Every structure is written in C-alpha cells, then in structure tokens.
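Asks: With the input below, show me the fold.
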Amino acid sequence: QVQLVESGGGLVQAGGSLRLSCAASGRTFSSYLMGWFRQAPGKEREFVAGMPKSGTSTYYSDSVKGRFTISRDNAKNTVYLQMNSLKPEDTAIYYCAANRANSYRQKDMDYWGQGTHVTVSS
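Replies: Model (predicted):
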C-alpha cells in the first residue's frame, strides 16, 4: 500500500510559479512510475506530466510542455512538479498518482493523492 500526499498548491498571479510536492509512504517508491494529473472546474481529469521508475525520462502534455518540470527524489520518496509561467487555464486540482506498470493512463494508476488546489489569477 502506498499513500500519496500532495502539497504546495495555492493562489498565484499569472506568470508566476509554484512547486508542488507529492510525498509517498512506504519503502518501494522507486518501484513506481509517477504521474501528475489535474482536473479543472467542469472538466475531466487530464494527464499533466509523468516520470518512469528510472527517472531517466519525462513526459508532458502539450499544454504544459516547456513550462512545467517533473522530477523525483527517490531518497526522499517525493515527486515534484515545478510550474512556471502559470496561466489562468492552469487553475485546477492537481493530483499525483503512482503505479507499478509502465502506463500513464488514469485507469492504470494504482494509487492517488487527495489533490492540491492551484488557482492562477489573471
């Protein structure tokens, strides 16, 4: 069992930055592929960024590519999402998720955090 706890959300002006953190319980964090997802008001949850167990590659949605950076620290059991040049359309609840398989599909994720709110004002 893995528990995920996100933090770092908040209110920021357009053009600003935030860094989200997702702390995982357990001693097998390095065995999990990690992903960040978000759900904006009135919209379905969508993939934002992902990193495999190896941490040697990263994947991003087109909407955040070049602005967001995912990273992980296996020694701290934590995955991060650095968000720069934020836009009002980035306003959403951000979730981290984990799975043992090599898939970033939401239905394949084994564990989810409770989410952290990000609001970007114009």
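Asks: Name the nearest residue to Ser57, sequence neighbours excluded.
Replies: Closest residue in space to Ser57, ignoring its immediate chain neighbours: Met51 at 7.2 Å, by C-beta to C-beta, 6 or more residues apart in numbering. Placement of C-beta: from N, CA and C, glycine included.
Asks: go on, Gln3?
Replies: Taking C-beta to C-beta, 6+ apart, and ignoring the residues beside it in sequence, Gln3 has Ser25 as its nearest neighbour in space, at 4.2 Å.
Asks: Could you tell me how many residues sit around His117?
Replies: Neighbour count of His117, defined by other C-beta atoms under 10 Å: 12.
Asks: Number the chain from 47, please
Replies: From this message on, residue numbering opens at 47, which makes the last subject His163.
Asks: Kindly export the host helix or strand of it (C-alpha atoms) in CSV.
Replies: Secondary-structure element containing His163, defined by DSSP states H and E: strand 162-167. Coordinates of each C-alpha in strand 162-167 appear next as CSV, following Å, rounded to 0.1, in the frame of the first residue of the first chain:
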residue,chain,number,x,y,z
THR,A,162,-3.9,20.1,-4.0
HIS,A,163,-5.6,23.3,-5.4
VAL,A,164,-3.9,25.6,-7.7
THR,A,165,-5.5,28.9,-8.6
VAL,A,166,-4.0,31.3,-11.1
SER,A,167,-5.4,34.8,-11.3
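Asks: Mean confidence (pLDDT) on that strand, please.
Replies: Per-region confidence: strand 162-167 scores 98 on mean pLDDT.
Asks: can you pull the buried residues of it?
Replies: 162, 164, 166 (16 or more other C-beta atoms under 10 Å).
Asks: State the distance from the residue nearest to Gln49 to Thr124.
Replies: Applying C-beta to C-beta, to the nearest Å, one obtains 11 Å for the distance of Ser71 from Thr124.
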